[in-house]
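Undergrad: Just to be clear, the model below is a prediction. Sequence and coordinates:
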Amino acid sequence: MKILPMLLCTALVTIGIAALARAPYAQPDARDARLRFAWRMNLSAGEHCRPRTQAELDQLPVHMRNPTVCTSDAARYALVVKVDSAADTIHLVRGGVKGDRPVFVLEDRTIAPGRHHVSVRLVRSSPARDTVLAALDTGLTLRPGWIQLITLDPDGDRLIVRSAGAE
């Protein structure tokens with residue numbers, strides 16, 4: 001007799017799931033378009049190494065006596081995005097505890113559909129100078145509900161518009 005209530009309960013749950021699966025859904029920003037920035041960039045960390053003096057070595061425990069001491073440079077990375085006349089800068093942080101891992105860029109921008117002039121630069125700022133690592137300067141036509149993906153080319157030295165399509 002326990003089987004009948006279990007079957008009835010299972011049938012009711014299945015009917016409920018089927019009804020909810022057919023519920024109408026409209027995406028909240030279906031009338032907007034998106035620019036998606038997505039890539040991973042391996043960057044070599046600039047290190048400056050020097051030999052330790054004997055006095056420095058004598059002050060360290062035996063198991064920590066590395067004959068050289070290295071320090072990483074204090075480079076900062078920024079993504080400068082300009083859509084038409086509106087510019088924005090996003091400061092990027094390298095991964096890892098020591099900041100020696102790749103830079104990941106994952107950013108979405110919701111913008112109005114239509115024709116836009118897009119300028120994107122990935123900039124490395126160090127105490128000595130600023131260097132543009134990759135850049136893109138182009139015009140894009142964006143449709144409602146579509147995404148334009150901006151990513152690195154396979155060589156990793158310039159930004160490209162990879163694909164366009166519906167979400």
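TA: Nice, thanks for sending it over.
Undergrad: Point out where this structure drops to low pLDDT.
TA: By pLDDT under 70, the low-scoring segments of the chain are 1, 26-29, 44-46, 73-74, 98-99, 163-167.
Undergrad: Name the next helix or strand following the longest helix out of those in it along the chain.
TA: Secondary structure of the chain per DSSP state H: the longest helix is helix 3-21. Heading C-terminal from helix 3-21, the first helix or strand you meet, by DSSP states H and E, is strand 33-41.
Undergrad: Output the longest helix of the chain as PDB, restricted to C-alpha atoms.
TA: Written as PDB, here are the backbone C-alpha positions of helix 3-21 (Å, rounded to 0.1, in the frame of the first residue of the first chain):
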ATOM      1  CA  ILE A   3       3.600   2.200  -3.400                       C
ATOM      2  CA  LEU A   4       0.400   4.100  -4.400                       C
ATOM      3  CA  PRO A   5       1.100   7.300  -2.400                       C
ATOM      4  CA  MET A   6       4.700   7.200  -3.700                       C
ATOM      5  CA  LEU A   7       3.600   6.900  -7.300                       C
ATOM      6  CA  LEU A   8       1.000   9.700  -6.800                       C
ATOM      7  CA  CYS A   9       3.600  12.000  -5.200                       C
ATOM      8  CA  THR A  10       6.100  11.200  -8.000                       C
ATOM      9  CA  ALA A  11       3.400  12.000 -10.700                       C
ATOM     10  CA  LEU A  12       2.500  15.300  -9.000                       C
ATOM     11  CA  VAL A  13       6.200  16.400  -8.800                       C
ATOM     12  CA  THR A  14       6.800  15.400 -12.500                       C
ATOM     13  CA  ILE A  15       3.700  17.300 -13.600                       C
ATOM     14  CA  GLY A  16       4.900  20.300 -11.600                       C
ATOM     15  CA  ILE A  17       8.400  20.200 -13.100                       C
ATOM     16  CA  ALA A  18       6.900  19.900 -16.700                       C
ATOM     17  CA  ALA A  19       4.600  22.900 -16.100                       C
ATOM     18  CA  LEU A  20       7.500  25.000 -14.800                       C
ATOM     19  CA  ALA A  21       9.700  24.000 -17.700                       C
END
